[in-house]
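Peer 1: below are the sequence and a predicted model for it; my questions follow.
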Amino acid sequence: EPEVTQTPSHQVTQMGQEVILRCVPISNHLYFYWYRQILGQKVEFLVSFYNNEISEKSEIFDDQFSVERPDGSNFTLKIRSTKLEDSAMYFCASSGTGGNEQFFGPGTRLTVL
Amino acid sequence: QKEVEQDPGPLSVPEGAIVSLNCTYSNSAFQYFMWYRQYSRKGPELLMYTYSSGNKEDGRFTAQVDKSSKYISLFIRDSQPSDSATYLCAMSFRGSTLGRLYFGRGTQLTVWP
């Protein structure tokens, strides 16, 4: 069964460093998302992406964040200058037509020291 | 944000019990309703997806939506220890082209043998 994959599974970085989180969505999906989950809190929407551009972003997704689909298979989230409060699980998701049935990857645990 | 409310539990039941999980929401514009299962430190796994009011059954799982009360439920019949996980409700708006999901906090369920 096709699935969303994410790398790395765990990323440790120093405050102020740049990190890139990578995702490979399900191959025939067209809509891509990033969510995050701070320990003990709700899963929160960050951004949605379609047709090579951002469709919607939340208030969390400020200028420190960017997304890119560098090729036909990968979808990346970049955080330019990490803060302690960026420590969270970051989930990539994808969906086919309609956009409502979203399938999540296993997540990347980001720890900012 | 209090758009989607979900009792975090924990909920502990014996094997074979019927489990009832619930969420309430405040925004009547939500039209699509989902239940995800999340094992510890894993990504959310889509269990059930429903549109508008009514019931939907899939094996031991039944999802119920009552839009008049802004209340959704997930019932698990003949619960098994393997059902032990956190259950997240999620919903999105009609007309949202890319279906940004709003999640509840999740209910932690333990089914003991």
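Peer 2: Received, thanks. Values in this document were obtained by computation on a predicted structure and should not be read as measured data. Numbers count the residues shown, from 1 in each chain, chains lettered A, B, ... in the order given.
Peer 1: contact partners for A:Val67?
Peer 2: Contact partners of A:Val67, counting by Cβ atoms under 8 Å, 6 or more residues apart in numbering or on different chains, are A:32, A:34, A:47, A:49, A:54, A:75-78. In this view, the C-beta of every residue, glycine as well, is placed from N, C-alpha and C.
Peer 1: let's have the residues you listed in a markdown table, adding neighbour count and secondary structure.
Peer 2: Listed next are the contacts of A:Val67 as a markdown table, based on neighbours: other Cβ atoms under 10 Å in any protein chain shown; DSSP: H, G, I helix; E, B strand; the rest coil:
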| residue | neighbour count | secondary structure |
| --- | --- | --- |
| A:Phe32 | 23 | strand |
| A:Trp34 | 26 | strand |
| A:Val47 | 21 | strand |
| A:Phe49 | 23 | strand |
| A:Ile54 | 13 | strand |
| A:Phe75 | 25 | strand |
| A:Thr76 | 15 | strand |
| A:Leu77 | 24 | strand |
| A:Lys78 | 13 | strand |
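Peer 1: and A:Arg109, how many neighbours?
Peer 2: Using other Cβ atoms under 10 Å in any protein chain shown, A:Arg109 has 17 other residues around it.
Peer 1: count the neighbours of the residue nearest to it when sequence neighbours are not counted for me.
Peer 2: Closest residue to A:Arg109 apart from its sequence neighbours, by Cβ to Cβ, 6 or more residues apart in numbering or on different chains: A:His10 at 4.6 Å. By other Cβ under 10 Å, the residues close to A:His10 number 11.
Peer 1: isn't A:His10 right up against A:Gly107?
Peer 2: No. A:His10 lies out of contact with A:Gly107 (Cβ atoms under 8 Å); the separation is 9.5 Å.
Peer 1: coming back round to it: just name the closest of the contacts of A:Val67 to chain B, please.
Peer 2: Comparing these against chain B with Cβ to the nearest Cβ places A:Phe49 closest, at 8.3 Å.
Peer 1: would you enumerate the residues in contact with the closest residue in space to the closest one that isn't next to it in sequence?
Peer 2: Of all residues not flanking A:Phe49 in the chain, A:Phe32 sits nearest, at 4.5 Å (Cβ to Cβ, 6+ apart). Listed by Cβ under 8 Å, 6+ apart, the contact set of A:Phe32 reads A:23, A:25, A:48-50, A:67, A:69, A:75, A:92-94.
Peer 1: returning to what we had before: list the contacts of the residue nearest to A:Arg109.
Peer 2: A:108-109, A:111.
Peer 1: redo the residues you listed as a markdown table? Include pLDDT and secondary structure.
Peer 2: Below are the contacts of A:His10 laid out as a markdown table (pLDDT from 0 to 100; DSSP: H, G, I helix; E, B strand; the rest coil):
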| residue | pLDDT | secondary structure |
| --- | --- | --- |
| A:Thr108 | 97 | strand |
| A:Arg109 | 97 | strand |
| A:Thr111 | 97 | strand |
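Peer 1: just the strands in chain A please.
Peer 2: A:5-7, A:10-13, A:19-24, A:31-37, A:43-50, A:53-57, A:65-68, A:75-79, A:88-95, A:103-104, A:108-112 (DSSP state E).
Peer 1: look up how far chain A lies from B:Ser84.
Peer 2: 18 Å (Cβ to the nearest Cβ, to the nearest Å).
Peer 1: so that residue touches B:Thr110, yeah?
Peer 2: Yes. Shown here, B:Ser84 and B:Thr110 form a contact pair, counting by Cβ under 8 Å, at 4.9 Å.
Peer 1: many thanks, I have nothing further to ask.
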